[in-house]
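[1] Quick one, what's the 3D model for this:
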Amino acid sequence: MALPGALAAFPSTLQALIQKLNLTDLSPAVRLLLSGAAVALILRFALGRRWAKRTYVFDLDKVGSKVGTAGHFEYDVIVAGGGKSPSSHRTAGCVLAARLSEDPNLRVLLLEAGGSGKALPDSSTPAGFGRLLWNPKHVHGLRTEPQPSAAGKSRFWPRAKMLGGCSSINAQMAQYGAFGDFDEWATYMKDESWAWKNFSRYFRKFEGYQPHPSYPDVDTTARGLSGPVHVGYFNTITEPSRKFVQACIGVGIPFIRDFNGVDGTIGVSRIMTYVDKTFKRVSSESAYLTPDVLARKNLTVAIHATVTKVLFDTTSAQPRAIGVEFGRKEGGERFVAYAKKEVVVSGGAVHSPHILMLSGIGPAAHLKSHSITPVLDLPGVGQRLVDHPVVDLYFKNKLNNSPKFLKPSTLGEAGQLISAIVQYKSGKGGPLAMNFGECAAFVRSDDPTLFPPNEYPDKLVDSTSASDSPDLELFSTPFAYKEHGQIGFDVHTYALHVYLLRPTSHGEVLLKSASPWVQPSVNPNYIATPEDLAKLVRGVHLLLRIARTEPLASVLDASFTRPDLDHQTHLCTNEEIESLVRERVETVYHPVSTCRMAPREEGGVVGSDLRVYGVQGLRVCDASVFPWIVSGHTAGACYAIGEKLADEMKAELRA
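    So this is what the prediction gives:
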């Protein structure tokens, strides 16, 4: 076939391989094998790129001294944004390091266990992130403890290992929670700086809303317009998802202009994304660690540097954090760097408590059981783990036009993928600019319009943050998948999803070993309370009603009754739906609250200034400090927390 202009620069070997895809005398098996090889090469050569100039420090000798040697590397602030950090949320670490280094008098070191996220084509290309979830080089494939209330299964829990953390591998859905979430934080901590009327300025500070001509009704007075994190409507959206919005309206969910606007959160709409005008993912790394920022002489960013513990001076009545130990691999050399003023742990809801416990901060009995000498008995470390549990429903796409070719299984699909790559590299967006979570609806499980009392008589525990805050999110994806995208379907599909925004179940993160190279135990304790199960069951019933409502109903093939799809699930009893929820419930990658901002006597780990109780010079800044999980997506709150803490630290350190 004639190669399009955008492919002309490909290596000749690759061109020859693509030409072979048109040979008709090859067997189907050989053609499929060749198509798979071509796809791998195309993605590498067409989308891949390497920076011509290294902007991060790889040689750890340049940022720390080897343990046991006389060297002394000192900074004012060390941000332990590495460790074995999870996807939720090292976002704040990049924010904090970039903002603190705006003060030329502050020397800042940021340590990252992985490499660059923006250097990976599967991260920078919106539709590529699903290919990263199972890549052990860039993602830790954690598994939960068996979940007693969720069919006893051990669930896959992918956690990013790269700069940007969550923001480098998430679905780029830019919704920030409900206003009431942050008012609840402020009331609980007796600190009005966390109330929405005050905290909202930090959302506007990070946000750079990019207006789109198709969405003129967005109230730009409620949006930040000049921040580094570009958000808007520049992802590609498929037609079935547009019909999902109309079907939601048909069942009684109101249309809303902007989930982050003055009208609040409840309603249905297309969702904004962290995708810029050039159809590239915007992560905390790409937004904050720009070439200009990295050129600052007072900022050092070291990659492939796993924080193994925080160092303390224990000669005084209260321990003080004085630095960190870090290394590259198990059994390798360890390095030490010192912090003159503060250490900030920003490893996320799994690895911030992991780092603290490895360092001797945590439940004393648990630390001693792993032969770790406690520096401070702080029982709340690792406790109160909460995640958003999601349930997926699968349907046959009647039009047979889903983008399943993004994971090609035939020669024709490989050709479609090549065409999509050409379109994307030509600056036209197309299928590779999809973020998958295209449209969403936020509702309350006690809404009498959606859940009439005569059909749903049970009064459930209200776990929302306010009367106008939601507790269920519904969203659509242009095709169905299982096992976090590892397993697809052999037919064209469409999927609907529901997750519980305000679970009452919570679990814990615990050590498995005193070795920093052994991943901790994670137990989200999904649907352990009756109300969590009941709310997800209501959400599944609502999704099934939406699937049978026009105009979405016409896109789905109700006659396709194969048992692995859900066209007949609406006929199931409530007990059968409960079993379905227990069987399918999964993570939607939003773990929080394991270093909770709460009064110490109530299991808190940090105060409202994010200082660790009972320790000088040590803070935590990431999703682990959330007092309660937000009613939506967690990345935005992490950006805002990073901005807030940076402002407060700069003011304190200048004093």
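[2] what residues are up against the residue lying closest to Leu510 once chain neighbours are set aside?
    Among residues not flanking Leu510 along the chain, Ser521 sits closest, at 4.6 Å (Cβ to Cβ, 6 or more residues apart in numbering). (C-beta placed from N, C-alpha, C; glycine too.) Residues counted as contacts of Ser521 (Cβ atoms under 8 Å, 6 or more residues apart in numbering) are Glu145, Glu508, Val509, Leu510, Leu511, Lys512.
[3] what about 6 Å?
    For Ser521, the contacting residues are Glu145, Leu510, Lys512, by Cβ atoms under 6 Å, 6 or more residues apart in numbering.
[4] and those, which are buried?
    With neighbours counted by 16 or more other Cβ atoms under 10 Å, the contacts of Ser521 contain buried members at Leu510.
[5] Looking at the contacts of Ser521, which are in strands?
    Taking DSSP state E, the ones among the contacts of Ser521 that sit in strands are Leu510.
[6] in the stretch 401-550 of the chain, which spans are strands?
    439-443, 472-477, 493-500, 507-510, 521-523 (DSSP state E, counting those that start in this stretch).
[7] Out of those, which gets nearest to Ala534?
    Ranking the strands of the stretch 401-550 of the chain by proximity to Ala534 (Cβ to Cβ) places strand 493-500 first, at 10.2 Å.
[8] Tell me how far the closest one lies from the chain's centre.
    17 Å (Cα atoms, centre = their mean, to the nearest Å).
[9] what do you get for stretch 176-191?
    For stretch 176-191, the distance to the chain centre is 21 Å (Cα atoms, centre = their mean).
[10] How about stretch 181-196?
    Taking Cα atoms, centre = their mean, one finds the center of stretch 181-196 at 24 Å from the center of the full chain.
[11] Check stretch 413-424 too.
    Taking Cα atoms, centre = their mean, one finds stretch 413-424 lying 27 Å from the centre of the chain it belongs to.
[12] Pop out the phi and psi values for Gln486.
    Dihedral angles of Gln486 (phi, psi; degrees, to the nearest 10) stand at phi -70, psi -30.
[13] Could you report the neighbour count for it?
    Neighbour count of Gln486, defined by other Cβ atoms under 10 Å: 12.
[14] So it versus Leu133, what's the distance?
    Using Cβ to Cβ, to the nearest Å, Gln486 is found at 8 Å from Leu133.
[15] Packing partners of the longest strand along the chain?
    If each strand of the chain is counted by residues according to DSSP E, the longest one is strand 334-345. Contacts defined by 3 or more Cβ pairs under 6 Å, 6 or more residues apart in numbering; DSSP states H and E place strand 334-345 against strand 74-80, strand 320-327, strand 618-620.
[16] try 8 Å
    Judged by 3 or more Cβ pairs under 8 Å, 6 or more residues apart in numbering; DSSP states H and E, strand 334-345 is in contact with strand 65-66, strand 74-80, strand 108-111, strand 306-313, strand 320-327, helix 348-358, strand 618-620, helix 635-654.
[17] Run through the neighbouring helices and strands of the fourth one.
    Where contact means 3+ Cβ pairs under 8 Å, 6+ apart, strand 306-313 is packed against strand 320-327, strand 334-345, helix 348-358.
[18] Would you mind finding the most buried of these?
    Highest mean neighbour count among those (mean count of other Cβ atoms under 10 Å): helix 348-358, with a mean of 31.
[19] can the strands of the stretch 401-550 of the chain go into CSV with extra columns for mean pLDDT?
    CSV is the format used below for the strands of the stretch 401-550 of the chain (pLDDT from 0 to 100):
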stretch, mean pLDDT
strand 439-443, 97
strand 472-477, 97
strand 493-500, 97
strand 507-510, 98
strand 521-523, 97
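[20] Those into TSV, with extra columns for distance to Val275?
    Shown next, in TSV, are these (distance: least, Cβ to Cβ, whole Å):
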stretch	distance to Val275
strand 439-443	15
strand 472-477	16
strand 493-500	20
strand 507-510	31
strand 521-523	30
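[21] Out of the ones you listed, which gets nearest to His366?
    Of all those, strand 507-510 sits nearest to His366, with 6.5 Å by Cβ to Cβ.
[22] What lies in contact with that closest one?
    349-350, 353-354, 366, 382-386, 520-525, 594.
[23] Tell me the strands beside the longest strand of the chain, with direction?
    Looking at strand 334-345 with DSSP bridges, its partner strands are strand 65-66 (antiparallel), strand 74-80 (parallel), strand 320-327 (antiparallel), strand 618-620 (parallel).
[24] The third one vs strand 306-313, what angle?
    Read it as strand 320-327. Relative orientation of strand 320-327 versus strand 306-313 (axes from the mean of the first three to the mean of the last three Cα atoms, to 10 degrees): 150 degrees.
[25] For the closest residue to Cys572 other than its chain neighbours, list the residues it contacts.
    Leaving aside its chain neighbours, Cys572 sits nearest to Leu580 (7.2 Å; criterion: Cβ to Cβ, 6+ apart). Residues near Leu580 by Cβ under 8 Å, 6+ apart: Val391, Val540, Thr569, Cys572.
[26] burial of Gln172, as a residue count?
    Counted with other Cβ under 10 Å, the neighbours of Gln172 add up to 25.
[27] Name the SS class of the residue nearest to Cys572, please.
    Judged by DSSP: H, G, I helix; E, B strand; the rest coil, the three-state class of Leu580 is helix.
[28] just to revisit the earlier point, out of the strands paired with strand 334-345, which is closest to Gly224?
    Of all these, strand 74-80 comes closest under Cβ to Cβ, at 23.2 Å.
[29] can you list contacts of that closest one?
    With contacts defined as Cβ under 8 Å, 6+ apart, strand 74-80 is touched by 93, 96-97, 100, 105-111, 300, 307, 310, 323-324, 337-347, 355, 621, 649, 653.
[30] Next, the angle helix 635-654 makes with it.
    Using the same axes, to 10 degrees: strand 74-80 against helix 635-654 is 160 degrees.
[31] just to revisit the earlier point, kindly reformat the contacts of Ser521 as CSV and extend each row with distance to Tyr499.
    Putting the contacts of Ser521 into CSV (distance: Cβ to Cβ, whole Å) gives the following:
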residue, distance to Tyr499
Glu145, 20
Leu510, 25
Lys512, 28
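[32] which one among the contacts of Ser521 gets closest to Ala119?
    Lys512 (31.3 Å).
[33] separation between the closest one and Glu145?
    Per Cβ to Cβ, Lys512 is found 10 Å from Glu145.
[34] cool, and Cys638?
    25 Å.
[35] likewise Ala195?
    Applying Cβ to Cβ to Ala195 and Glu145 gives a distance of 36 Å.
[36] Give the buried residues for stretch 594-603.
    Using 16+ other Cβ under 10 Å as the test for burial, stretch 594-603 gives Thr594, Cys595, Arg596, Met597, Ala598.
[37] all helices of the stretch 151-300 of the chain, in order?
    Counting by DSSP state H, counting those that start in this stretch, the stretch 151-300 of the chain has helices at residues 166-169, 179-189, 196-206, 239-251, 284-288, 291-294.
[38] Now the last one - C-alpha only, PDB.
    Pointing back at helix 291-294 there. Output of helix 291-294 as PDB, limited to C-alpha atoms (Å, rounded to 0.1, in the frame of the first residue of the first chain):
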ATOM      1  CA  PRO A 291      12.600  23.000  31.000                       C
ATOM      2  CA  ASP A 292      12.600  26.500  32.600                       C
ATOM      3  CA  VAL A 293      11.800  25.000  36.000                       C
ATOM      4  CA  LEU A 294      14.400  22.200  35.600                       C
END
